[in-house]
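**Student:** for reference, the sequence and a predicted model appear below.
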Amino acid sequence: MEKIYLPKTIEPIKGAQRKKEFEGIIPSQFLIRLNEIMDNSDIHVTLQCDYDIRKVVYIKGKITTSVSLHCQRCLKKITHPIEIAFCYMPSNDEYDIIPEGYEEIELDEKGYVNLYDLIEDEILLSLPMIPLHKPEECHSPRFQFGHLNAEAIAKAEEKDNPFSVLSVLKK
Ligand SMILES: [Zn+2]
C-alpha cells in the first residue's frame, strides 16, 4: 500500500465545512520529542473534521502505533502498543463549558492546528508512568519462579504494600 503522509497542519473549520477525512502516516522521525521511544514504526492516523448535531466543529481521530519502552523491573525492552482515540473542538467563546466528550484545542490566528504537535502530545500523555512487563514476560529474577508466583507478586505490588511482597516470597 502506498504511504500517504498526513499534512503538518489542518484547518478544522474549513475541514468541517467540507467534511474532510484524512488517513495516513506520520514518519516517527518527525516527532522529535518521541525520538527516544519510537522503534521505527510509522504512526498511523485517521482523522475526520465535521459538525456534530449541535453544530460544533470537531476533529475526531485515532492514532495507532507502537513505542519501545524499558521495563522498570528488569530494564529490558517492552514493545508498547498505542491506540488512542481523540476528539477535539476548536476553542470557542460561545461555550463556557466544553461539551462532554470533547477536548478543547486552540487554533492559530489563521485557523490552523498543528497536527503533528497534537499527535505527539496525545502519544506522550498516553504513556505509562512506570512501564512494566506482564509478570509472565518479565526478565526480573523475582519472576523466574513460574507463573502462579509471578501473578501473586504482581498483585501484591499493586496493593502497594511492601510487606505483602515479602509474604508472597516466604510461601
Ligand atoms: Zn520486565
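**Tutor:** Happy to help now that I have it. Residues are numbered from 1 along each chain as shown.
**Student:** from here on, contacts and neighbour counts on C-alpha atoms
**Tutor:** Noted.
**Student:** would you map out the domains in the chain?
**Tutor:** As assigned by automatic domain parsing, the chain contains the domains 9-132, 134-171.
**Student:** which of those comes out lowest on mean pLDDT?
**Tutor:** Across the domains of the chain, domain 134-171 has the smallest mean pLDDT, namely a mean of 66.
**Student:** contacts only, for the residue in the chain positioned nearest to the ion.
**Tutor:** Closest approach between the chain and the ion, counting by C-alpha to the ion: residue 138, at 3.5 Å. Applying C-alpha atoms under 8 Å, 6 or more residues apart in numbering, we find residue 138 in contact with 71, 73-74, 132.
**Student:** residues from this structure in reach of the ion?
**Tutor:** Proximity of the chain to the ion (C-alpha under 5 Å from the ion) is limited to residues 71, 73-74, 133, 138-139.
**Student:** got TSV for these, with distance to residue 33 and secondary structure too?
**Tutor:** Below are those laid out as TSV (distance: C-alpha to C-alpha, whole Å; DSSP: H, G, I helix; E, B strand; the rest coil):
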residue	distance to residue 33	secondary structure
71	20	coil
73	24	coil
74	25	coil
133	23	coil
138	27	coil
139	28	coil
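**Student:** now a PyMOL select for only the buried ones of those residues.
**Tutor:** Buried residues among the residues of the chain next to the ion (16 or more other C-alpha atoms under 10 Å), as a PyMOL selection:
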select buried, resi 71+73+133+138+139
